[in-house]
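have a look at this fold, sequence not included:
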């Protein structure tokens, strides 16, 4: 458990490690004397003044809390991290073991609803590993109720949508996507959320395309493009190129659509070259994230072969 009795001490350590003086982080809204007393544990400061002091040092709240937690992962982060190797291995037994543990935790602590949501999340991984396993309809109802009675959608809520989108019908999925877009300015202020927001919206867009909901797909094409303003973000920009091609193809612009998809696939093939793959382990992670997208290949007559490995 984090020690909230030493917040001032943690604050001071972060400040002095960066060679920042009290004068540099004080202003007319929070004085150097107030910060000094807070650091010595002699008094507290208001949340507003605390956030101002953090901002004046260019420190995100998440970084401060990592320090408070002594840079140890929280229980939920450990849970999410455990999913990654199981997904790579398509380890259904591993998912089922975690699911049983979360179900037990919820039975012991019914006030912590996150454990039940984790059960649902794990079911989605099991279903994606084995298509014969049904995904209970009541799970979608429960997640929907949870999301639309939760005022702020943070990283966990985005992860829920990002893993359950395959099991959600288009009208509800579109409603969720619109809610994310309404909150995008808030997410853009939190660095760790930016990538997850765009990936989730790309997944929603791809799902609309595969279900031939082309009007909704066009909506996401137009909304996502302004979000991809970082030229160094090769992964998401290439996925955008591929999905644009797929949309154009389905709209009847077959030749231009084919060219866009071929170009996107070729980029991933280039990135996946042996020399580059040896230098950056990122490739395997990227391949997992866009598994369904990069395994779509054009056959000789211009149609699609959709392989899910």
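Looks like it arrived, so ask away. In this text, all values refer to a predicted model and were calculated from it rather than measured experimentally.

contacts only, for residue 250.
209, 212, 214, 217, 257 (C-beta atoms under 8 Å, 6 or more residues apart in numbering). (Glycine included, C-beta is placed from N, CA and C.)

put the buried members of the residues you listed into a PyMOL selection.
The PyMOL selection below is limited to those of those classed as buried (16 or more other C-beta atoms under 10 Å):
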select buried, resi 209+217+257
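
reformat the contacts of residue 250 as TSV; add secondary structure, distance to residue 172 and pLDDT.
As requested, these are exported to TSV (DSSP: H, G, I helix; E, B strand; the rest coil; distance: C-beta to C-beta, whole Å; pLDDT from 0 to 100):
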residue	secondary structure	distance to residue 172	pLDDT
209	helix	17	91
212	coil	17	92
214	helix	18	95
217	helix	16	95
257	helix	28	87
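
closest one of the contacts of residue 250 to residue 39?
Set against residue 39, the nearest of the contacts of residue 250 by C-beta to C-beta is residue 217 (53.0 Å).

what about residue 168, how many residues nearby?
If you count neighbours by other C-beta atoms under 10 Å, residue 168 ends up with 19.

that one touches residue 137, doesn't it?
No: the criterion here is C-beta atoms under 8 Å, and residue 168 misses it with residue 137 at 10.6 Å.

mind checking how far residue 82 is from residue 255?
The gap separating residue 82 from residue 255 is 46 Å, by C-beta to C-beta, to the nearest Å.

so residue 205 makes contact with residue 222?
No: the pair residue 205 / residue 222 is not scored as a contact, 10.2 Å apart, by C-beta under 8 Å.

give me the more crowded residue out of the two.
Using other C-beta under 10 Å as the criterion, residue 205 and residue 222 rank with residue 205 on top: 26 against 9.

gap between that one and residue 211?
11 Å.

now swap in residue 135 and tell me
16 Å.

which one of the two is surrounded by more residues?
Using other C-beta under 10 Å as the criterion, residue 135 and residue 211 rank with residue 135 on top: 17 against 13.

now do whichever strand or helix holds residue 52: which elements does it pack against?
Assigned by DSSP states H and E, residue 52 belongs to helix 47-56. Applying 3 or more C-beta pairs under 8 Å, 6 or more residues apart in numbering; DSSP states H and E, one finds that helix 47-56 makes contact with helix 22-25, helix 32-39, helix 61-68.

what comes up buried for it?
49, 50, 52, 53, 54, 56.

just give me the closest of the residues you listed to residue 6.
Nearest to residue 6 among the buried residues of helix 47-56, with distances taken as C-beta to C-beta, is residue 50, at 14.3 Å.

report the contact partners of the closest one.
Contacts of residue 50 by C-beta under 8 Å, 6+ apart are residue 38.

could you measure it against residue 107, distance?
38 Å.

where along the stretch 1-150 of the chain do the strands fall?
In the stretch 1-150 of the chain, no strands are defined using DSSP state E, counting those that start in this stretch.

all helices of it, in order?
7-17, 22-25, 32-39, 47-56, 61-68, 75-89, 92-108, 114-129, 137-148 (DSSP state H, counting those that start in this stretch).

need the residues that contact the second one.
In other words, helix 22-25. With C-beta under 8 Å, 6+ apart as the test, helix 22-25 has contacts from 15, 32, 35, 36, 53, 56, 57.

how about the longest one?
Under the criterion C-beta under 8 Å, 6+ apart, residues 79, 82-83, 86, 112-113, 115-116, 118-119, 122-123, 125-126, 129-130 lie in contact with helix 92-108.
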